[in-house]
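>>> model the following, please.
(chains A and B)
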Amino acid sequence: VSDEHALAAGALLDAVAPGSVLLTAVFDEQLRCLAVSPSLADPADAVGRPAAEVLPAPVAPTLVAAFEALRAEGGSSWRRPLITPPGADTPLYRVGCYRLDGAEPRFAFLGADITARSERQMRVRENRRRLELAERVAGIGAYTWWPAEGDRWSWSPQLLELAGFADHASAPPYASWIARVDPRDRKLTVDARDRTARGERIDITIRQQRAPGDHRVLRVIAVPSVGAAGDVERVDGVVQDITDFERTAAQHRAVAELGRTALEHLDVGELIRRAREAVTASLDLPGVAILEYPAAPVPPGAESVPIPGPEGAWGAIVVSGRALTDEELQFLHAVANVLGNAIARLHLESELSSQARARGRLLAEALDAEDRTRREISETLHDGPLQDLLALTQYVDQLDTSGERSALHLERARAGLRQAITGLREVMVELHPVVLDVGGLESALGAVAAQQGRIGGFEADVRIEEAACGLRDALVLSLARELLVNAAKHARATRVGVSVARTDGELRLEVADDGAGIADGRLADAVRDGHIGLASTRQRVEAVGGWLRIASTLGAGTTITAGVPA
Amino acid sequence: MTCRLAASVTDGPEATHVKQVLIADDHAGYREGVARLIDAHPRLSVVALAADGTEAYERIVDVQPHIALLDVRMPGHTGIDVCRRLRESGDAPGTVVVLITGTPDPVLARQAGAAGAAAVLGKETPPRELCELLLAASDGAA
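Next up is the predicted model:
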């Protein structure tokens, strides 16, 4: 081979990959250089010289050894000896040693300085390793989908693992993936993919059931990349397993919800039923029981979390079916604490309210007894002394009035009788208007209102619906009297309206005055301190299952409304 | 007490201008006192007395007086009840009912009017006035 040939061959080899760092050389059987690319050595100097001198010094011994091995083996073959760079500054080569069999065997060397590429690759590898680590730590997997190429997509190893395809080496077919999505979320999943293909970003949560009891919740976020032509070139997505997060969040919600429920006025049974539902749903276990001590012993293998009570444990939440995680046990303790507090509070409330009910009943009974007594006295006065006095007036009227003195005495007697009758009638109305029996509620209430109007200096306007009469006349009359007496004593009103109506199965009594009213903050104090006799009225109304409402504005009067079952 | 029964309840020339009266009141003192007063009037004659609502109704149907003076509040039936029953049954078409009460009340007066009573008077109404009112009520009805 002439120098020109060697030079031309070298130039040709360089031209194959212009600008590259491809290094070539061809050697004869004695491993003397026949041709070399200028990038490796100056051909004019190198041709004819032994390979050990032509090849790059750091790697020459390895390459020569490879050539010698090929020469010894005979035939066409190749080797790719491993080039280990001795130092960081040394260029890194990817090389091949070839034996080209012919009449005269030739040995060729192909090499490339891959220092820069190798560094890039190492960085890529390192990044990928870090990404995988990050994915694993965060429970995140990634995928890329190329919509233009149909179903072609690629999954990261972490995605394969977290989506339940750990046995796959690469992304599963789309149909296989969809088959493992919970049927309830399949349409959502397919629709979301279509949306990304149209350039929309998606963020969806889907459920998977891998095996009975193994429920997973995956969050999928995907961002499409739109090319210059406006087409979606690729969709990059990340998938996160949020099962634990969702479960913990659901448990926190369940405990908070139970706490709220406990603040409502539910009974213990209802509260326990709701707690049991919450635990069953959160743990996805059918074997949940809430027991009140003393209870049957906990079956072996079941977890038991005590529900605290004021004197030792009140009961326990017993869960069987599988072992519980620490987090699940913490959740059960939280539920048990909420239950314990609520039960203690409910017990206390029910004790207090039964005491209050008993007090209210006693008071109502006392007031009823007082009413009966007033009625008896009033009737006795009516049927006895009043009638006697009235009869007496008739006798007096028949007496002889011929003498002047007699006439004067008689007139005095008549006046005295009239005064006594009037006084007696006032007392009777105050005690109990006997006209209730004859004239009904309208007549009796009218008499009481007129009397209190005279005492309090107000005009009373009584309106009674016919449908409201004859049901609880005595009670309504008694309540109205208390309220009217109140108004006469305290209201300084010019007008008081009294109405009795029947609505929605209850009798409604309203006494509204246009008097002084009570300041906002003072109403409760005034009632409590007994300045206005409303506390007993309230107790009495509540004892028969009714209610009492007081509305008052300072300077603008007071309206008191009472409702009692009809 | 004894009361002077009209000599001619059903016949005689005097009967046409003497009005027969029934008095019902559960208070014996008042009942007899007022009976004596009314009976003293030349144009009024007490023909029957009753001590409760039930007896009053029976006696009115039996005697058919011109005027029935009934106390409002009585055992058995109230005066208003008796009045209403008489009107509804037509058992004493010629009897005018006047109610008396120890506790005068506008609502009672309205209810008595609705039941068909000619008037409601307070028990303290002076005798002369009472008799004139009874006659006026009876004449008005005739």
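
>>> residues contacting the residue lying closest to A:D514 once chain neighbours are set aside?
The shortest distance from A:D514 to any non-neighbouring residue, by Cβ to Cβ, 6 or more residues apart in numbering or on different chains, is to A:G557 (4.4 Å). Quick note: C-beta positions are derived from backbone N, CA and C, even for glycine. The neighbours of A:G557, taking Cβ atoms under 8 Å, 6 or more residues apart in numbering or on different chains as the test, are A:491, A:493, A:512-517.

>>> now A:G557: phi and psi?
phi 90, psi 170 (degrees, to the nearest 10).

>>> hey, what's it bridged with?
For A:G557, the beta-bridge partners are A:T553 (DSSP bridges).

>>> okay, and for the chain, where does confidence drop off?
I went with chain A, as the question did not name one. A:1-22, A:82-94, A:113-118, A:212-213, A:265-266, A:295-297, A:520-533 (pLDDT under 70).

>>> wait, chain B
Along chain B, segments meeting pLDDT under 70 span B:1-16, B:141-142.

>>> now tell me what touches the longest helix anywhere in chain B from outside.
Scanning chain B for the longest helix, with DSSP state H as the assignment, gives helix B:127-141. Here helix B:127-141 makes contact (Cβ under 8 Å, 6+ apart) with A:394, A:397-398, B:19, B:21, B:34, B:37-38, B:41, B:43-44, B:66-67, B:69, B:96, B:98, B:118-119, B:121, B:125.

>>> and if we set it to 7 Å?
If you take Cβ atoms under 7 Å, 6 or more residues apart in numbering or on different chains as the criterion, helix B:127-141 is touched by A:394, A:397-398, B:19, B:21, B:37-38, B:41, B:43-44, B:66-67, B:69, B:96, B:98, B:118-119, B:121.

>>> buried only: go through these for me.
Burial by neighbour count, judged by 16 or more other Cβ atoms under 10 Å in any protein chain shown, picks out A:394, A:397, B:19, B:21, B:37-38, B:41, B:44, B:66-67, B:69, B:96, B:98, B:118-119, B:121 from these.

>>> chain neighbours aside, what residue packs nearest to the closest residue to chain B within the stretch 401-550 of chain A?
Residue nearest to chain B within the stretch 401-550 of chain A (Cβ to the nearest Cβ): A:S443, separated by 3.6 Å. Distances taken as Cβ to Cβ, 6+ apart put B:V107 closest to A:S443, at 3.6 Å, once the chain neighbours are dropped.

>>> that neighbour: how many residues sit nearby?
Neighbour count for B:V107, taken as other Cβ atoms under 10 Å in any protein chain shown: 20.

>>> buried residues in the helix or strand hosting it?
Using DSSP states H and E, B:V107 falls within helix B:106-115. Neighbour-count burial for helix B:106-115, counted by 16+ other Cβ under 10 Å, picks out B:107-109, B:111-112, B:115.

>>> put the alpha carbons of it into PDB.
Output in PDB follows, covering the C-alpha atoms of helix B:106-115 (Å, rounded to 0.1, in the frame of the first residue of the first chain):
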ATOM      1  CA  PRO B 106    -121.100  41.400  77.000                       C
ATOM      2  CA  VAL B 107    -120.000  38.000  75.500                       C
ATOM      3  CA  LEU B 108    -122.800  36.200  77.600                       C
ATOM      4  CA  ALA B 109    -125.300  38.800  76.300                       C
ATOM      5  CA  ARG B 110    -124.300  38.000  72.700                       C
ATOM      6  CA  GLN B 111    -124.500  34.300  73.200                       C
ATOM      7  CA  ALA B 112    -127.900  34.600  74.900                       C
ATOM      8  CA  GLY B 113    -129.200  36.600  72.000                       C
ATOM      9  CA  ALA B 114    -127.900  34.000  69.600                       C
ATOM     10  CA  ALA B 115    -129.700  31.300  71.600                       C
END
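
>>> so how far is A:R549 from the residue nearest to A:D514?
14 Å (Cβ to Cβ, to the nearest Å).

>>> sorry, back to before: of the buried residues of helix B:106-115, just say which sits nearest to A:R123.
B:V107 (105.3 Å; Cβ to Cβ).

>>> near chain A, which residues of chain B show up?
B:27, B:29-30, B:33-34, B:37, B:72-73, B:78, B:80, B:102-103, B:105, B:107-108, B:111, B:123-124, B:126-127 (Cβ under 7 Å from any Cβ of the partner chain).

>>> helices - which of these land there?
Using DSSP H, the subset of these located in helices is B:29-30, B:33-34, B:37, B:80, B:107-108, B:111, B:127.

>>> tell me which of those residues is nearest to A:L31?
For those, the nearest to A:L31 is B:V107 (140.8 Å; Cβ to Cβ).

>>> was I right to think that closest one contacts A:E442?
Yes: counting by Cβ atoms under 7 Å, A:E442 is a contact partner of B:V107 at 5.1 Å.

>>> past the helix or strand encompassing A:F245, which element shows up next along the chain?
A:F245 belongs to helix A:243-263 when assigned by DSSP H and E. Downstream of helix A:243-263, the next assigned helix or strand under DSSP H and E is helix A:268-283.

>>> residues in contact with the closest residue to B:V18 other than its chain neighbours?
Leaving out its chain neighbours, the residue that sits closest to B:V18 by Cβ to Cβ, 6+ apart is B:S45, at 5.2 Å. Each residue near B:S45 by Cβ under 7 Å, 6+ apart is listed here: B:6, B:18, B:20-21, B:39.

>>> so who does the residue nearest to A:S443 touch?
By Cβ under 7 Å, 6+ apart, the residues touching B:V107 are A:439, A:442-443, A:446.

>>> one more: A:F109?
A:F109 neighbours (Cβ under 7 Å, 6+ apart): A:24-25, A:55, A:63, A:95, A:97.
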